[in-house]
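J.: structure for the following, please:
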Amino acid sequence: MAISLIPSLHSLILIIVGEKTLSYHPSNTISRWQIHRIPHCAEKWVVNISKHKLTQPQETVLAKGLNFSPSPDQVPYEEYIVATEQACKKLPYNEAAILRSEIAGVLRSARPPKANITKEERRAVQELKKDDSILILPADKGKATVLMDVSEYEEKIHNMLSD
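T.: Reported below is the predicted structural model:
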């Protein structure tokens, strides 16, 4: 969850957390913290020039940007164990045993991180991954995400290369 502090005039502090904005003003005696909903602006960040109709969860996920990474559903135990074993090959036996026991203790108490997307958004990511008829690309300018048909993309590339 991204938190941004925005300093402004008259000691007004704005904190942006996801789609909510918290504002604090010391002169407001009734309630110093007020919550404001940021309007949904996915249409600003997602440009769909394909024939594919996006669902609301798909549009929301794409609006998060191409660098967004959903939190994992479960702790990747296997990856940690394999990485530990590879590191242990380069260590003396006693140090490797200590490292293994420390990693085992950490993995026993490990819990998956809190989800940063809803179940519908996670399903939308899977649907977008499976659809081979579309490409998801960064815009040439700005931080928008562009959705384009594969056939149209290949045609444009072919035209560019033939010129």
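
J.: what about the helices in the chain?
T.: Applying DSSP state H to the chain gives helices spanning 42-45, 56-63, 77-88, 93-109, 119-130, 150-162.

J.: show me which residues of the last one are buried.
T.: Pointing back at helix 150-162 there. For helix 150-162, the neighbour count (16 or more other Cβ atoms under 10 Å) marks residue 153 as buried. (Glycine included, C-beta is placed from N, CA and C.)

J.: closest one to residue 70 among the helices of the chain?
T.: Nearest to residue 70, of all those, is helix 119-130, at 6.4 Å by Cβ to Cβ.

J.: buried residues in the closest one, which are they?
T.: Going by neighbour count (16+ other Cβ under 10 Å), the buried part of helix 119-130 is 121, 122, 124, 125, 128.

J.: right, and the last one touches residue 60 too?
T.: In other words, residue 128. No. Residue 128 is beyond contact range of residue 60, at 11.7 Å (criterion: Cβ atoms under 8 Å).

J.: just to revisit the earlier point, and the helices of the chain, which one is worst for confidence?
T.: Confidence, taken as mean pLDDT, is least for helix 42-45 of these (a mean of 70).

J.: in the chain, which residue is closest to the centre?
T.: The chain has residue 68 as the residue nearest its centroid, 2.3 Å off, counting by Cα atoms, centre = their mean.

J.: measure it to residue 145 for me?
T.: According to Cβ to Cβ, to the nearest Å, residue 68 and residue 145 sit 10 Å apart.

J.: Serialize the buried residues of helix 119-130 to CSV and add fields for distance to residue 75.
T.: Compiled in CSV, the buried residues of helix 119-130 are given as follows (distance: Cβ to Cβ, whole Å):
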residue, distance to residue 75
121, 21
122, 17
124, 24
125, 20
128, 25
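
J.: any idea which of those is closest to residue 78?
T.: residue 122 (20.9 Å).

J.: what pairs with residue 47 across the strands?
T.: Applying DSSP bridges to residue 47 gives these bridge partners: residue 146.

J.: contact partners for it?
T.: By Cβ atoms under 8 Å, 6 or more residues apart in numbering, the contact set of residue 47 is 139, 144, 145, 146, 147.

J.: please indicate which of those are buried?
T.: Buried by 16+ other Cβ under 10 Å: 144, 145, 146, 147, out of those.

J.: tell me the spacing between the second one and residue 151.
T.: This points to residue 145. 19 Å.

J.: kindly report the same for residue 70.
T.: Here the distance between residue 70 and residue 151 works out to 29 Å (Cβ to Cβ).
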